[in-house]
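> Here is my input; please provide its structure:
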Amino acid sequence: CYEHQRVVLFSGPTGAGKTTLMNAHMPFVPFDDRPVSIDEGSREVRLPHETGVSLTTRDHESEYKRVTMADLMTESNYLNPDTEVIAEINTPESFETFAETVNTGHGVVGTTHAEDVRTLVNRVVEQDVPAYLLEEIDLVAFPHHSDGERYVARAVEFLSPEQAEQLPPGAGDVVEKGDTTVHYNEVFSRDIDGSFSLSGPSDPATPDDRDFRLLHRIAAATDRSVDAVEQEFRRKRRYVEFLDDEGVTEFDALFDLLANLRTDEAATVERLRRTAVADGGDDSHPEDAR
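I've put the predicted structure just below:
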């Protein structure tokens, strides 16, 4: 999603780890992109990119010295961002900024306070954001905090009525708010044992049969087949599994490694493989990913 300028939200209650999780994902925004962050009041977004720009609102009794979300929205468009990162989409002004940003066609990443899909839809509608803009959100991840552990419980996608009709029988759901009907669908969920499962069949030869449309959206936006997008996803997932096995969790080290993979994937995979062998580790992940 980050590589193809899609729209991703992290939604959950206070203390669930929304901003922490979002910041942990910032290294996955390509190093040669220009991300622009918009923070309300204080800076919360961490951008490792040399081309990144951080903008922050400023409250002041004088109208001429005040810097609002709307001001930053206008300013960010002049900076020609690839991705706009909006922390804390909670106030009417920030919801309006989010709606306007989605309409620009840039990638958008943000956080908001809603612990489930119904609450999120209700908040958006109550803030007078056109419900059809929810269809532009590619993925909403719901982090949870339980018994001292933070994890993502599920992720959903919002769909147009036409996209909802393309789902297999029994897939998808709706939220009704007044005269508004919003279609959504689960992309993946966390099992009770801590593992995650994608909706639909696990056979990589049948990506069209998956019970979600996210891969179709990326395929349409990049003029590729759904099968090609599925293969790319599986390859990059193995990279992440390898990084997890190797304990690569430091922010800048992760960003540098992902930048190397993007610059010269084959050479970087070979270097990782040789390093793993020299350390006596298992080199299966990077070699499989190649």
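> Every contact and neighbour count from this point should use C-alpha atoms.
Fine.
> ok, which stretches of the protein are strands?
Here the chain has its strands, by DSSP state E, at 7-11, 35-39, 53-56, 83-86, 107-112, 139-146, 149-159, 173-177, 180-190, 196-198.
> Kindly present these as a markdown table, with separate columns for mean pLDDT, mean neighbour count and distance to residue 227.
Below are those laid out as a markdown table (pLDDT from 0 to 100; neighbours: other CA atoms under 10 Å; distance: least, CA to CA, whole Å):
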| stretch | mean pLDDT | mean neighbour count | distance to residue 227 |
| --- | --- | --- | --- |
| strand 7-11 | 95 | 25 | 21 |
| strand 35-39 | 90 | 26 | 29 |
| strand 53-56 | 91 | 18 | 35 |
| strand 83-86 | 91 | 28 | 26 |
| strand 107-112 | 92 | 24 | 23 |
| strand 139-146 | 92 | 20 | 19 |
| strand 149-159 | 91 | 20 | 19 |
| strand 173-177 | 90 | 14 | 25 |
| strand 180-190 | 90 | 19 | 17 |
| strand 196-198 | 82 | 15 | 16 |
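> Any idea which of those gets closest to residue 268?
Residue 268 sits nearest to strand 35-39 of all those, at 24.3 Å, using CA to CA.
> Would you mind getting the angle between the closest one and strand 107-112?
In terms of direction (axes from the mean of the first three to the mean of the last three CA atoms, to 10 degrees), strand 35-39 departs from strand 107-112 by 30 degrees.
> who does the nearest residue to residue 140 once chain neighbours are set aside bridge with?
Closest residue to residue 140 apart from its sequence neighbours, by CA to CA, 6 or more residues apart in numbering: residue 9 at 4.7 Å. Assessed by DSSP bridges, residue 9 has beta-bridge partners residue 110, residue 140.
> what's the distance between stretch 131-151 and the middle of its chain?
Its chain's C-alpha centre and that of stretch 131-151 lie 9 Å apart, by CA atoms, centre = their mean, to the nearest Å.
> any low-confidence regions in this protein?
Within the chain, the stretches with pLDDT under 70 are 200-210, 277-290.
> So which other helices or strands are in contact with whichever helix in it runs longest?
The longest helix of the chain (DSSP state H) is helix 226-246. On a contact count with 3 or more CA pairs under 8 Å, 6 or more residues apart in numbering; DSSP states H and E, helix 226-246 meets helix 214-222, helix 284-289.
> Next, the buried residues of it.
226-227, 229-230, 235, 238-239, 242-243 (16 or more other CA atoms under 10 Å).
> now the angle from it to helix 214-222?
110 degrees.
> Only the C-alpha atoms, please, for helix 226-246, written as PDB.
Extracted in PDB, the C-alpha atoms of helix 226-246 (Å, rounded to 0.1, in the frame of the first residue of the first chain):
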ATOM      1  CA  VAL A 226      -3.900  -9.600  -9.600                       C
ATOM      2  CA  ASP A 227      -1.600 -12.700  -9.700                       C
ATOM      3  CA  ALA A 228       1.500 -10.400 -10.100                       C
ATOM      4  CA  VAL A 229       0.400  -8.300  -7.100                       C
ATOM      5  CA  GLU A 230      -0.100 -11.400  -5.000                       C
ATOM      6  CA  GLN A 231       3.300 -12.700  -5.900                       C
ATOM      7  CA  GLU A 232       4.900  -9.400  -5.000                       C
ATOM      8  CA  PHE A 233       3.000  -9.400  -1.600                       C
ATOM      9  CA  ARG A 234       4.300 -12.900  -0.800                       C
ATOM     10  CA  ARG A 235       7.900 -12.000  -1.700                       C
ATOM     11  CA  LYS A 236       7.900  -8.900   0.400                       C
ATOM     12  CA  ARG A 237       6.200 -10.700   3.300                       C
ATOM     13  CA  ARG A 238       9.100 -13.200   3.400                       C
ATOM     14  CA  TYR A 239      11.500 -10.200   3.700                       C
ATOM     15  CA  VAL A 240       9.600  -9.000   6.800                       C
ATOM     16  CA  GLU A 241       9.600 -12.500   8.200                       C
ATOM     17  CA  PHE A 242      13.400 -12.600   7.700                       C
ATOM     18  CA  LEU A 243      13.900  -9.200   9.300                       C
ATOM     19  CA  ASP A 244      11.800 -10.400  12.300                       C
ATOM     20  CA  ASP A 245      13.900 -13.600  12.600                       C
ATOM     21  CA  GLU A 246      17.100 -11.600  12.500                       C
END
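> Could you tell me how far it lies from the centre of the chain?
Relative to its chain's centre, helix 226-246 lies at 16 Å (CA atoms, centre = their mean).
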